[in-house]
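*Asks:* Sequence and predicted structure, then a few things I'm wondering about:
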Amino acid sequence: MSKYLQRRFALSEQGGKDLTRAVLACAAANVGLIFPMGLLILFLEKLLMPVTGEKGMEMGLLGFVGMSVLFLLLIFILQYIQYNKTFLASYQESANLRIRLAEKLRKIPLSFFGKRDLADLTTTIMADCAWMETAFSHFIPELIGALLSTAFVGLGMFFLDWKMALALLWVIPAAFMLSAGTRPVIDRLERREKCKKLAASDGIQECIENIQDIKANNQRESYLKDLDSKIIAVEKGTVKMETLNGSLVTASQMVLRLGMATTVLSGAFLMTERKLDLMVFLIFMVAAARIYGPLTGSLNNLSAVYSTLLQVERMRAVEEEPVQDGAETKQLNGYDIVYDHVGFSYHQNETVLEDVSFCARQGQVTALVGPSGGGKSTAARLAARFWDAEKGRVTIGGAEVKEIDPEHLLKHISVVFQDVMLFNNTVMENIRIGRKDASDKEVMEAAKAAQCMEFISRLPEGFQTRIGENGSALSGGERQRLSIARALLKDAPVIILDEATASLDVENESLIQSAISNLIRSKTVLIIAHRMRTVAQADKIVVLKDGKVAEEGSPEALYQKGGIYRHMTDLQNQSQNWSIG
Ligand SMILES: Nc1ncnc2c1ncn2[C@@H]1O[C@H](COP(=O)(O)OP(=O)(O)OP(=O)(O)O)[C@@H](O)[C@H]1O
């Protein structure tokens, strides 16, 4: 059973074992509740002795009280075991599940995140896992536990009187078949509702993230109207689902209740025919009370278990996604980056890079320039294995990056993006992300080299100031200087600067240029810049246009050549004299 549960609900091996124990504990607790009823029957038998004339059990009142206490203790122990096995194990399993998913996401290529949006993934990790917690602690063990205890008690009843057992148990398959038969409809509806819910949470997230632009463009009303319609669609869908689910569960529970009627009627008939003892009849009545109770709850749980299977499917889709792997001990022969006939596209039927070949040498600055959308950032991302090249090879130090474990590869690379990602932590810790074991002194030195000291000293608690979510308390230039400090601290042999100085004013840019000059000494530097003066001192310029290398050479040679590079440089020189009016 453990293996089956593990497979069916995508559990860990331990999770499968724990859930099996929880199921058995639930079944035992259900069966345990029959004992006091049995005691009650014996007590009744004794009381009715003068009427029935049958010989009852030789036990006094004290004996019955003692037995009752014993059974209460037994029930308490069984319930305690059930609680321990189900709740503690289920929280442990869902914690493991979240960690497993997060670990998986760490290794999945970035292309995956283009297919699944953030709201979808957050729902999988948070809401689906929370649902699984309830499923492991309630729905699944209670459902299977009730079925097991029913099978156990039902078997005993057949031995006692098979006709009465039939009258008692026929309703169970009928009720479950009614519920199971409607599953495809419920499944379809539930999938549709899930999409609506994701669209609504996506909308809410987008609204919060873009509130500034929505307000600035006076789109508040139309945006909120759209969001409202998504939320109303969820509300309507949920009501529809609940109504349908509720009606089906109630119908199945009513079928189940019919069993009580057939048991009483069959019992009464058999007793008048003198084919059934009163005591046996009473035992069946007790069994009916004990069997139908947990089963009625289980019919509620059944639809929840179906929902759980949908969540499992979504989690499995994440878990089965292929990861980027590679060797962790690849020997690199220097740090030249070579693009060798590289081809790449984000989606089918499009070409972002086509037959791109160039070399970025160690100890040199190689600048990627060209028109917007030409593929500069994409080319740089392939070197860091954020995506994998589809055609050709990208190598660092002679080793193909596809064959190097991504985390190992990134130990050799510092990347500074235009969109800086900061964490809601102190300035000190945000810089220390560059190198976890760096001392405070080293962090401060990196901050100094990246021209951060001036603004850090103005912060209320200096390096210990928390900078808000994604550094909301800092300006664009300050955020960018922090990310450069991070890269300085990491001190990796390969540096990728993707529009790293774009948010800086001219004064800060020249200050940062000197910091960057320190950072890049004797390293392989790949720099992407739109401002031609930023790359005028580069050793080599590669012009990427429409995903192809259009020009390649030193800045002077390319300027002399009079091609795209020259055109862009001249255009920018002219635009410097431009002013409104
Ligand atoms: N994550 C992505 N998913 C899908 N398409 C993308 C993605 N990133 C970039 N693209 C597309 O790939 C093409 C090249 O983009 P890329 O960002 O590499 O160009 P770029 O030269 O760096 O542009 P820019 O100078 O404007 O930053 C563009 O058409 C862009 O729309």
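*Replies:* Sure, I can see it.
*Asks:* For residue 284, which three-state class applies?
*Replies:* Here residue 284 is recorded as helix under DSSP: H, G, I helix; E, B strand; the rest coil.
*Asks:* Burial check on the closest residue to it other than its chain neighbours, number of neighbours?
*Replies:* In this structure, residue 284 finds its nearest non-sequential neighbour in residue 164, 5.0 Å apart by Cβ to Cβ, 6 or more residues apart in numbering. To be clear about C-beta, it is placed using only N, CA and C from the backbone, and glycine gets the same treatment. Residue 164 is flanked by 24 other residues according to other Cβ atoms under 10 Å.
*Asks:* Buried residues in the helix or strand harbouring residue 164, which are they?
*Replies:* Taking DSSP states H and E as the definition, residue 164 sits inside helix 162-169. Neighbour counts over helix 162-169 (16 or more other Cβ atoms under 10 Å) mark 164, 165, 167, 168, 169 as buried.
*Asks:* so how far is it off the chain centroid?
*Replies:* How far helix 162-169 lies from its chain's middle: 48 Å, per Cα atoms, centre = their mean, to the nearest Å.
*Asks:* average model confidence for that helix?
*Replies:* For helix 162-169, mean pLDDT is 92.
*Asks:* And the contacts of that helix?
*Replies:* Residues outside helix 162-169 that contact it (Cβ atoms under 8 Å, 6 or more residues apart in numbering) are 150, 154, 157-158, 259, 262-263, 265-267, 270, 276, 280-281, 284, 287-288, 291.
*Asks:* And stretch 124-133, by the same measure?
*Replies:* Applying Cβ under 8 Å, 6+ apart, the contact partners of stretch 124-133 are 9, 90-91, 93-94, 97-98, 101-102, 105, 307-308, 311-312, 314-315, 318.
*Asks:* where does the stretch 451-581 of the chain have low pLDDT?
*Replies:* The model of the stretch 451-581 of the chain has pLDDT under 70 over residues 470, 501-512, 514-515, 518-519, 575-581.
*Asks:* returning to that earlier point: after the helix holding residue 164, next one along is what?
*Replies:* The element immediately downstream of helix 162-169 (helix or strand, assigned by DSSP H and E) is helix 171-181.
*Asks:* picking that back up, taking the contacts of helix 162-169, please make a PyMOL selection of just the buried ones.
*Replies:* Entered in PyMOL, the line below selects the buried ones among the contacts of helix 162-169, by 16+ other Cβ under 10 Å:
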select buried, resi 150+157+259+262+263+266+267+270+276+280+281+284+287+288+291
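*Asks:* Narrow the contacts of helix 162-169 to those in strands?
*Replies:* Among the contacts of helix 162-169, no member falls in strands (DSSP state E).
*Asks:* The contacts of helix 162-169: which ones sit near the ligand?
*Replies:* Among the contacts of helix 162-169, proximity to the ligand is found for none (Cβ under 6 Å from any ligand atom).
*Asks:* Give me the subset of the contacts of stretch 124-133 that lies in helices.
*Replies:* Counting by DSSP state H, the contacts of stretch 124-133 place 90-91, 93-94, 97-98, 101-102, 105, 307-308, 311-312, 314-315, 318 in helices.
*Asks:* out of those residues, which are buried?
*Replies:* When these are checked for burial by 16+ other Cβ under 10 Å, the buried set is 90, 93-94, 97-98, 101, 105, 307-308, 311-312, 314-315, 318.
*Asks:* What is the distance between stretch 39-46 and the centre of its chain?
*Replies:* In terms of Cα atoms, centre = their mean, the centre of stretch 39-46 is set 55 Å apart from its chain centre.
*Asks:* which parts of that stretch are buried?
*Replies:* Here stretch 39-46 shows 39, 41, 42, 43, 44, 45, 46 as buried, counting by 16+ other Cβ under 10 Å.
*Asks:* again, but for stretch 329-344
*Replies:* By 16+ other Cβ under 10 Å, the buried positions in stretch 329-344 come out as 330, 332, 335, 336, 337, 338, 339, 340, 342, 344.
*Asks:* what bridges to the fifth one?
*Replies:* When bridges are assigned using DSSP bridges, the partners listed for residue 337 are residue 360, residue 396.
*Asks:* What score does it have for pLDDT?
*Replies:* pLDDT for residue 337: 96.
*Asks:* For residue 437, what are phi and psi?
*Replies:* Torsion angles at residue 437 (phi, psi; degrees, to the nearest 10) stand at phi -90, psi 10.
*Asks:* ditto for residue 206
*Replies:* For residue 206, the backbone dihedrals (degrees, to the nearest 10) come out as phi -60, psi -40.
*Asks:* Equivalent analysis for residue 327, please.
*Replies:* Dihedral angles for residue 327 - degrees, to the nearest 10 - are phi -80, psi 140.
*Asks:* can you pull the pLDDT of it?
*Replies:* Reading off the model, residue 327 has pLDDT 80.
*Asks:* same question, residue 174
*Replies:* 88.
*Asks:* for residue 200, same thing?
*Replies:* For residue 200, pLDDT reads 88.
*Asks:* That one: neighbour count?
*Replies:* By the criterion of other Cβ under 10 Å, residue 200 has 21 neighbours.
*Asks:* How about the secondary structure of the residue nearest the centre of the chain?
*Replies:* Residue closest to the average C-alpha location in the chain (Cα atoms, centre = their mean): residue 125, at 2.6 Å. Here residue 125 is helix, with the state taken from three-state DSSP.
*Asks:* Likewise for residue 496?
*Replies:* Per three-state DSSP, the local secondary structure of residue 496 is strand.
*Asks:* neighbours of the closest residue in space to residue 152 that isn't next to it in sequence, just the number please.
*Replies:* Closest residue to residue 152 apart from its sequence neighbours, by Cβ to Cβ, 6+ apart: residue 31 at 6.0 Å. Using other Cβ under 10 Å, residue 31 has 18 neighbouring residues.
*Asks:* what about residue 31, distance to residue 449?
*Replies:* According to Cβ to Cβ, to the nearest Å, residue 31 stands 72 Å off from residue 449.
*Asks:* For the ligand, state which of the buried residues of helix 162-169 is nearest.
*Replies:* Nearest to the ligand out of the buried residues of helix 162-169 is residue 169 (Cβ to the nearest ligand atom; 58.4 Å).
*Asks:* Was I right to think residue 194 contacts residue 311?
*Replies:* No - the pair residue 194 / residue 311 is not scored as a contact, 9.1 Å apart, by Cβ atoms under 8 Å.
*Asks:* Now for those two: what residues contact both?
*Replies:* With contacts defined as Cβ under 8 Å, 6+ apart, no residue is shared by residue 194 and residue 311.
*Asks:* how about the buried residues of helix 162-169 in CSV, adding distance to residue 378?
*Replies:* As requested, the buried residues of helix 162-169 are arranged in CSV below (distance: Cβ to Cβ, whole Å):
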residue, distance to residue 378
164, 75
165, 71
167, 72
168, 69
169, 65
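*Asks:* Counting neighbours, what do you get for residue 124?
*Replies:* Neighbours of residue 124 using other Cβ under 10 Å come to 20.
*Asks:* That one and residue 110, how far apart?
*Replies:* Going from residue 124 to residue 110 by Cβ to Cβ gives 17 Å.
*Asks:* Which residues of the stretch 201-350 of the chain lie near the ligand?
*Replies:* Within the stretch 201-350 of the chain, the residues that sit near the ligand (Cβ under 6 Å from any ligand atom) are residue 346.
*Asks:* ok, and what's touching stretch 270-283?
*Replies:* Applying Cβ under 8 Å, 6+ apart, the contact partners of stretch 270-283 are 38, 41, 44, 45, 48, 52, 54, 160, 161, 163, 164, 267.
*Asks:* Closest to the ligand out of the buried ones among the ones in helices among the contacts of stretch 124-133?
*Replies:* If you rank these by distance to the ligand using Cβ to the nearest ligand atom, residue 105 comes first, at 16.4 Å.
*Asks:* what pLDDT does that closest one get?
*Replies:* Taking residue 105 on its own, its pLDDT is 82.
*Asks:* That one and residue 121 touch, don't they?
*Replies:* Yes - Residue 105 is within contact range of residue 121, at 7.2 Å (criterion: Cβ under 8 Å).
*Asks:* so what sits against both of the two?
*Replies:* residue 318.
*Asks:* Show the pLDDT at residue 145.
*Replies:* Looking at residue 145, its pLDDT is 82.
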